[in-house]
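Novice: just the structure for this:
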Amino acid sequence: MKHDKYWMALEQVKGIGPASMREIHDALRGPGLSIVDLFALSPEEMRAELSFREPIAAAIDAARGRLALVEDEYFKLIDAGIEIVLFFEESYPERLARLLKNEAPPMLYAYGNRALLREKSAAVLGEKSVSEKGELVAYLASQDLVRHHITVVSGLARGADMIAHRAALESGGTTIGVLPYGFSQLRMPDSLKEVYNPDAMLLLSSFGFAAEYSTFNAFRRNRLACALSKAVYIVESPAEGGIFEAAKSAKTLGIPLYTTEYAEYPDTAAGNPVLMRELGAQAVRGRLINNALSPNLDRLIADVKFGE
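Specialist: Predicted coordinates for the structure are as follows:
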């Protein structure tokens, strides 16, 4: 038994972050204790037997008082078919632990095909108010990725993200939607309802069941989407904001970064030249396929298939 609810209670206590969760897990491994055993210890016993610092012992004691509240949330997750993936489990994505290190979310909440976490994937991200050109680019890019058996990762936001998900599903491919809130806030967008296939899509959140949307959570969502992917394609980005910050995350994490090159940039892509100039994003140019201009993703696809 994984005892997920105990880890959920810990995560919700002020002062317990990803690094503390890992410290607690590592401390339990030595004497072979479980998280349930830990919750049975007094703060004094925790300090004496596990050498926990006072703040961690106090936080664990506080988490014990949250168990009843967390249990209700836990059963709502179970009833909804949402699975919990803990940071020390074999099914937790190795890329997240390696790239994000102590910032990797200790818990992932997953609905759909969890096997997609092991597939080669690329993020397709863009502005909510994407231009008409960008809409077509996002759609064709996702189709191309599907043709090469690459899972499309995006943020389930309106605009470029939603188009990327829909294109992947319509083309018979797979996609991962990363949420900026907990599952209680999720409403399946109308544009996806008619093509939704639980075997072809995974919905993923690093936030507790009741967590609401915030700009900060959206930034964290974008960073998670980048870390899950072996390449990141920014369809369109303003010169600042969440999508631009996602590109920065890709750069700092060492993930190959791409962005659309236009002859004339729409306002929603004003940041694209900046990404190329300042962050070293590789330009995605168009090429004619069946008399239609399509984004050339050959280099990106090679990065996904043959890169680290």
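
Novice: who touches residue 149 in this structure?
Specialist: For residue 149, the contact set (Cβ atoms under 8 Å, 6 or more residues apart in numbering) comprises 120, 173. Every residue, glycine included, has its C-beta placed from N, CA and C.

Novice: for the chain, what are the low-confidence residue spans?
Specialist: Within the chain, the stretches with pLDDT under 70 are 1-2, 290-292.

Novice: how about the helices of it, start to end?
Specialist: For the chain, the helices defined by DSSP state H occupy 4-11, 18-29, 35-39, 43-50, 54-64, 67-79, 94-100, 132-147, 160-170, 190-193, 215-228, 242-253, 272-279, 298-306.

Novice: TSV for the ones you listed, including mean neighbour count?
Specialist: Listed next are those as TSV, based on neighbours: other Cβ atoms under 10 Å:
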stretch	mean neighbour count
helix 4-11	22
helix 18-29	16
helix 35-39	16
helix 43-50	15
helix 54-64	18
helix 67-79	14
helix 94-100	16
helix 132-147	22
helix 160-170	25
helix 190-193	12
helix 215-228	22
helix 242-253	21
helix 272-279	18
helix 298-306	17
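
Novice: let me know which of those is the nearest to residue 110.
Specialist: helix 67-79 (10.2 Å; Cβ to Cβ).

Novice: elements contacting that closest one?
Specialist: Using 3 or more Cβ pairs under 8 Å, 6 or more residues apart in numbering; DSSP states H and E as the contact test, the elements touching helix 67-79 are helix 4-11.

Novice: off-centre distance for the helix it packs on?
Specialist: From the chain centre to the centre of helix 4-11 is a distance of 20 Å (Cα atoms, centre = their mean, to the nearest Å).

Novice: for stretch 60-71, same thing?
Specialist: Worked out by Cα atoms, centre = their mean, stretch 60-71 lies 27 Å from the chain centre.

Novice: rewinding a little: so which of the helices of the chain comes closest to residue 154?
Specialist: helix 160-170 (4.2 Å).

Novice: show me what counts as buried in stretch 101-109.
Specialist: 104, 105, 106, 107, 108, 109 (16 or more other Cβ atoms under 10 Å).

Novice: straight-line length of that stretch, end to end?
Specialist: 19 Å (Cα to Cα, to the nearest Å).

Novice: and the contacts of it?
Specialist: Residues contacting stretch 101-109 (Cβ under 8 Å, 6+ apart): 7-8, 11, 18-19, 21-22, 77, 82-87, 92-93, 96-97, 182-183, 204-209, 224, 227.

Novice: now the buried residues of stretch 101-109 in TSV, with distance to residue 141?
Specialist: Shown next, in TSV, are these (distance: Cβ to Cβ, whole Å):
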residue	distance to residue 141
104	27
105	27
106	32
107	31
108	26
109	28
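
Novice: quick one, what contacts residue 85?
Specialist: Neighbouring residues of residue 85 by Cβ under 8 Å, 6+ apart: 91, 92, 107, 108, 109, 110, 114, 117.

Novice: switch the cut-off to 6 Å
Specialist: Taking Cβ atoms under 6 Å, 6 or more residues apart in numbering as the contact definition, residue 85 lies against 91, 92, 108, 110.

Novice: contacts for stretch 154-163?
Specialist: Stretch 154-163 is contacted by residues 124, 126-128, 130, 134-135, 138-139, 164-165, 177-178, 189, 191, 221, 225, 235 when judged by Cβ under 6 Å, 6+ apart.

Novice: same question for stretch 180-188.
Specialist: 82, 205, 207, 208, 209, 210, 211, 212, 213, 217, 218, 221.

Novice: identify the farthest-apart pair in those.
Specialist: Spatial extent of the contacts of stretch 180-188 (Cβ to Cβ) is set by the pair 82 and 218 at 20.4 Å.

Novice: hmm, back to that, farthest pair within the contacts of residue 85?
Specialist: Among those, 92 and 110 lie farthest apart (Cβ to Cβ), at 10.4 Å.

Novice: hmm, back to that, columns distance to residue 147 on top of the contacts of residue 85, output as a markdown table?
Specialist: Shown next, in a markdown table, are the contacts of residue 85 (distance: Cβ to Cβ, whole Å):
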| residue | distance to residue 147 |
| --- | --- |
| 91 | 28 |
| 92 | 29 |
| 108 | 28 |
| 110 | 26 |
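
Novice: narrow the residues you listed to those in strands?
Specialist: 108, 110 (DSSP state E).

Novice: so which of the contacts of residue 85 comes closest to residue 249?
Specialist: After measuring the contacts of residue 85 against residue 249 - Cβ to Cβ - the closest member comes out as residue 108, at 17.4 Å.
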